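Trainee: Here is my input; please provide its structure:
(chains A, B, C, D, E and F, ligands or ions: 12)
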Number of protein chains: 6
Amino acid sequence: MKEHPPNNEHIDSEMVKMEVNLDDISGEWLGYVMDKLFNAGANDVFYTPIFMKKNRPGVLLQLLCSKQSLDSMKKILLDETTTLGIRYYPITVHRMERRFEKVETIWGTVTVKLGINKGEVFQRSPEYEDCKQIAEANGIPLKQVYQEVWKNMNKSNS
Amino acid sequence: MKEHPPNNEHIDSEMVKMEVNLDDISGEWLGYVMDKLFNAGANDVFYTPIFMKKNRPGVLLQLLCSKQSLDSMKKILLDETTTLGIRYYPITVHRMERRFEKVETIWGTVTVKLGINKGEVFQRSPEYEDCKQIAEANGIPLKQVYQEVWKNMNKSNS
Amino acid sequence: MKEHPPNNEHIDSEMVKMEVNLDDISGEWLGYVMDKLFNAGANDVFYTPIFMKKNRPGVLLQLLCSKQSLDSMKKILLDETTTLGIRYYPITVHRMERRFEKVETIWGTVTVKLGINKGEVFQRSPEYEDCKQIAEANGIPLKQVYQEVWKNMNKSNS
Amino acid sequence: MKEHPPNNEHIDSEMVKMEVNLDDISGEWLGYVMDKLFNAGANDVFYTPIFMKKNRPGVLLQLLCSKQSLDSMKKILLDETTTLGIRYYPITVHRMERRFEKVETIWGTVTVKLGINKGEVFQRSPEYEDCKQIAEANGIPLKQVYQEVWKNMNKSNS
Amino acid sequence: MKEHPPNNEHIDSEMVKMEVNLDDISGEWLGYVMDKLFNAGANDVFYTPIFMKKNRPGVLLQLLCSKQSLDSMKKILLDETTTLGIRYYPITVHRMERRFEKVETIWGTVTVKLGINKGEVFQRSPEYEDCKQIAEANGIPLKQVYQEVWKNMNKSNS
Amino acid sequence: MKEHPPNNEHIDSEMVKMEVNLDDISGEWLGYVMDKLFNAGANDVFYTPIFMKKNRPGVLLQLLCSKQSLDSMKKILLDETTTLGIRYYPITVHRMERRFEKVETIWGTVTVKLGINKGEVFQRSPEYEDCKQIAEANGIPLKQVYQEVWKNMNKSNS
Ligand code: NI
Ligand code: NI
Ligand code: NI
Ligand code: NI
Ligand code: NI
Ligand code: NI
Ligand code: NI
Ligand code: NI
Ligand code: NI
Ligand code: NI
Ligand code: NI
Ligand code: NI
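Mentor: Residues are numbered from 1 along each chain as shown, chains lettered A, B, ... in the order given. Ligands and ions are numbered 1, 2, ... in the order given. So this is what the prediction gives:
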């Protein structure tokens, strides 16, 4: 996820959640617009299945962005979906401090994202894209890469 | 639900489940085709949200019908959806004996569907359409109609 | 969808989203209350499946309405569902200008809804109810009606 | 659901809804954290399936709590899930007056929760835990216990 | 999950999948019946949200069991749900060899389930109930217990 | 979707549906395995949200493939997911005749897939990848590309 300011803990109080209900668009178009919104700076975009009137299985598009991005997000939603109405409301986001460390494996280096709260590491996540690249380059299961990273990051941790 | 043979207990071993995955159709069209399939004799039709390739929120259409109806259901699915491939497999349906009784309320009569297993009533359901009509005609909550029916059907039952 | 003020672009800042979690109600009643809420002036009503405590598959009812409608919506929710608590929060809705044009087909006239942004048409949607009526009256697939409308509205457009 | 203040009607305007998107956690852990959050005083906790980027089926955790509980909820979410960012926004909750009455059945007493609006009972719900205990102790279907309670609570009601 | 025969690899060709569509039952009852079915020997039970006719959000109950259990499962479904019709079809289950090993942690022993394919361990999962008990007894996050087990099981593994 | 035999109408009676229930895997891994399965020849792969025991939001992976691919699919599922048991059952697939035609637009050529039933074209779908490429290359909405294709394919059609 794109992090506009730096990686230390802070509270973003200038964020908005946008929502659009869609019952007259295909899944193909929705797969496309998600990427467009991320590329334009959305902090998150996700879909929920919803039950709409007249027996219609619809989709609720939800989007998290800063208030400054509101207009550019609206533009994409109008261009790429079929909606004529866009809802939004302010939302606060508490972001934890995050740091990155390198962990060595037999196939190369993997970045691990650390979540920090009051100086304590409470979360360690191998970066997906690094692990994926190793799995594909070496023809091994993704699961095996993660397990190797867990072992090694824990080693250095004990 | 349409019951082709009579209402006594029996096992339908000549049924099929049909399935279609859809990622290029709108909810509006799907709301429409459900009614068409029921009217043409489908025993049940329902939708499940599915996660398809390329980040597409899709819909799985499932349909229960007799083997004799397979071709007429296929025709509707081709006419009204965007699919080019239809899956199906045989499925057995055990249907319980059902009877109908009349229950009086202060607003009129309601049909109650009884489920019977080896001579025992194990299930009593007020018919939705009857209750709905009473609620609308009398401007009262649907909940209130059901509660009145429950009270009266239990009275006659104790 | 019901549009209280006129069809030109505007921002509704006096809207609310209402939410109710339901784990002790049947789908039959939920199908019923949706219509009641729309008829009473809700701008939108939709259901999301939710996973609740004690392994319960529940339903989240969401409803969009103006602040003035808050009390009448509460009344229906209390009458027709089983909830004892109703949540809500303010939400802003940006509605685009919409116009309607008539498109001729070989089966009759269809209304098309146009979405307008800064004078530009960015969205054209054949009205579902018109298309449905034509499909049923002529015994043809709904898909075929839409395709004919698309062709003709594009013709006049090029 | 835990009710902090008394059981008469009131509007809680000091509530918050918290939200976390999760794509890197297993269902096992999510089943666990729900109980932890309820035990720590959450008014409600529920999950919605969401479609996230890169074809990931994720989970949206939603949580309702008082503003005073915000920090203790954050602590649990950081400890027990994998998130590094927590969203929240104020939400108002209108809670109806609730009373409890005892209903006798042939297997013992069951508590029934009444919903009251302007002095009128609009909702009667047998308490699940009471009914469950009777069903298990007597080896009878849960459905049968509810039906008996409905009959008896309606009797005393007519 | 209950494993009727031993833990070595085998193919169960005498299994059935049962299915019930439910639109007239509450989530409370569905939370209850899941446990009943597991206790009676179901190999798996799970719910899917489905969109049913008349705008009803319903639930699809799916159940995996051996053919010998078909009748006892039917009995529970009739007793505890509202269905009058139960569908089923044969299904084959390929079960991998599984073994269990003990892993020591600073808080006590945890069982780890190994998945074996042609003599190779391809899967290692700490048992949830063991980890949960340690987390609760020691007042630590569940996540921390898993991480300690991963570290130690990997140690002995390298 | 990969079509093993040619594009004329036929019934594949040698297909299988595979299913895996997953409650101990993250969305990240599931996003990855979908691509692996498609690349290895799966005809379709999709996810459904399911409610599993102990309040776990899980995922049902479903996969359609030919009987000959059963073993290679099993291998990937064991390597890349956490399952120890894989279910499957035979399923028939009726595939309609499909042809491809070229449609000219002002930005270049787009392939359109035609569905044919008894010599009649009942379905016309612009190929997503072609439209996406044009939208990205020309910096225009995807919606606009589809609309242009619809207009032009209908022109040649009238
Ligand atoms: Ni920030
Ligand atoms: Ni519409
Ligand atoms: Ni029959
Ligand atoms: Ni396609
Ligand atoms: Ni307005
Ligand atoms: Ni309750
Ligand atoms: Ni309160
Ligand atoms: Ni991530
Ligand atoms: Ni076995
Ligand atoms: Ni019914
Ligand atoms: Ni084929
Ligand atoms: Ni497990």
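
Trainee: where does chain A have its least confident helix or strand?
Mentor: Using mean pLDDT, DSSP states H and E, the weakest-scoring helix or strand in chain A turns out to be helix A:142-155, at a mean of 87.

Trainee: touching chain E at all, stretch A:133-153?
Mentor: Yes. Stretch A:133-153 lies within reach of chain E by Cβ under 8 Å from any Cβ of the partner chain, at A:Pro141, A:Lys143, A:Gln147, A:Trp150, A:Lys151. (Each C-beta comes from the backbone N, C-alpha and C, glycine too.)

Trainee: Domains in chain A, by residue range?
Mentor: For chain A, automatic domain parsing gives the domain ranges A:10-95, A:97-155.

Trainee: follow-up on the earlier one: show me what the least confident helix or strand of chain A is in contact with.
Mentor: The contact list for helix A:142-155 (Cβ atoms under 8 Å, 6 or more residues apart in numbering or on different chains) reads A:101, A:103-107, A:110, A:112, A:124, A:126, A:131-132, A:134-135, E:123-124, E:147, E:150-151, E:154-155, E:157-158, F:29, F:32-33, F:79-82.

Trainee: B:Cys65 is nearest to which of the domains of chain A?
Mentor: With Cβ to Cβ, the closest approach to B:Cys65 among the domains of chain A belongs to domain A:10-95: 18.3 Å.

Trainee: For that closest one, measure first residue to last.
Mentor: 6 Å (Cα to Cα, to the nearest Å).

Trainee: Just checking it against chain B, any contact.
Mentor: Yes. Counting by Cβ under 8 Å from any Cβ, chain B has neighbours in domain A:10-95: A:22-28, A:30-31, A:34-35, A:47, A:49, A:52, A:54-59.

Trainee: Would you write a PyMOL line that selects the buried entries of those?
Mentor: Of the residues of domain A:10-95 next to chain B, the buried ones go into a single PyMOL selection, burial set by 16 or more other Cβ atoms under 10 Å in any protein chain shown:
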select buried, chain A and resi 22+23+24+25+26+27+28+30+31+34+35+47+49+52+54+55+56+57+58+59
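
Trainee: Please go through the residues of domain A:10-95 next to chain B and note which also touch chain D.
Mentor: Among the residues of domain A:10-95 next to chain B, the residues lying close to chain D (Cβ under 8 Å from any Cβ) are A:Met34, A:Asp35, A:Tyr47, A:Pro49.

Trainee: circling back to that earlier point, by how many degrees do the least confident helix or strand of chain A and helix E:142-155 diverge?
Mentor: Going by axes from the mean of the first three to the mean of the last three Cα atoms, to 10 degrees, helix A:142-155 is angled at 100 degrees with respect to helix E:142-155.

Trainee: Without its sequence neighbours, what residue ends up closest to the residue of chain A positioned farthest from its centre?
Mentor: Centroid-distance maximum for chain A: A:Lys54 at 32.7 Å, with Cα atoms, centre = their mean. Closest residue to A:Lys54 apart from its sequence neighbours, by Cβ to Cβ, 6 or more residues apart in numbering or on different chains: B:Gly31 at 4.4 Å.

Trainee: and the next element down the chain from the helix or strand harbouring the one you found?
Mentor: In the assignment (DSSP states H and E), B:Gly31 maps to helix B:27-39. Downstream of helix B:27-39, the next assigned helix or strand under DSSP H and E is strand B:44-52.

Trainee: Could you see whether ligand 3 lies near that next one?
Mentor: No. For strand B:44-52, no contact with ligand 3 is found by Cβ under 5 Å from the ion; the gap never falls below 12.5 Å.

Trainee: what about the helix or strand following that strand, near chain F?
Mentor: The C-terminal neighbour of strand B:44-52 among helices and strands, as given by DSSP H and E, is strand B:56-66. Yes. For strand B:56-66, a contact with chain F is found by Cβ under 8 Å from any Cβ, at B:Gly58, B:Leu60.

Trainee: Give me the distance between strand B:56-66 and the centre of its chain.
Mentor: 14 Å (Cα atoms, centre = their mean, to the nearest Å).

Trainee: just stretch A:46-55 next, same as before
Mentor: 22 Å.

Trainee: What mean pLDDT does that stretch get?
Mentor: The average of the pLDDT scores along stretch A:46-55 is 97.

Trainee: looking at the domains of chain A, which one has the lowest mean pLDDT?
Mentor: Lowest mean pLDDT within the domains of chain A: domain A:97-155, at a mean of 93.

Trainee: so A:Gln133, which of the three states?
Mentor: Per DSSP: H, G, I helix; E, B strand; the rest coil, the local secondary structure of A:Gln133 is helix.

Trainee: Neighbours of it, how many?
Mentor: 15 (other Cβ atoms under 10 Å in any protein chain shown).

Trainee: Equivalent analysis for the one 4 residues further on, please.
Mentor: The tally of other residues near A:Ala137 (other Cβ under 10 Å) stands at 10.

Trainee: how close does the closest residue to it other than its chain neighbours sit to A:Ala135?
Mentor: Nearest residue to A:Ala137, sequence neighbours excluded (Cβ to Cβ, 6+ apart): A:Trp107, at 7.4 Å. Separation of A:Trp107 from A:Ala135 (Cβ to Cβ, to the nearest Å): 9 Å.

Trainee: next one: A:Phe38
Mentor: Separation of A:Phe38 from A:Ala135 (Cβ to Cβ): 23 Å.

Trainee: So for those two, which sits in the more crowded spot?
Mentor: Between A:Phe38 and A:Ala135, counting by other Cβ under 10 Å, A:Ala135 is the more crowded of the two (21 against 16).

Trainee: follow-up on the earlier one: tell me who's in contact with the residue nearest to A:Lys54.
Mentor: A:Asp23, A:Met52, A:Lys54, A:Asn55, A:Arg56, A:Pro57.

Trainee: returning to that earlier point: how about the least confident helix or strand of chain A: buried residues?
Mentor: For helix A:142-155, the neighbour count (16+ other Cβ under 10 Å) marks A:142-154 as buried.

Trainee: what separates that helix from the chain centre, distance-wise?
Mentor: 22 Å.

Trainee: ok, now stretch A:38-58?
Mentor: With Cα atoms, centre = their mean, you get 15 Å for stretch A:38-58.

Trainee: Would you mind naming what in chain A lies close to chain F?
Mentor: A:28-29, A:32-33, A:79-82, A:128, A:132, A:135, A:141-143, A:146.

Trainee: What pairs with the biggest strand by length in chain A, parallel or antiparallel?
Mentor: Counting by DSSP state E, the longest strand found in chain A is strand A:10-22. Strands that pair with strand A:10-22, judged by DSSP bridges, come out as strand A:56-66 (antiparallel), strand A:85-95 (antiparallel).

Trainee: Check chain A for the residue nearest ligand 9 and tell me.
Mentor: Closest to ligand 9 within chain A is A:Lys143: 24.6 Å, counting by Cβ to the ion.
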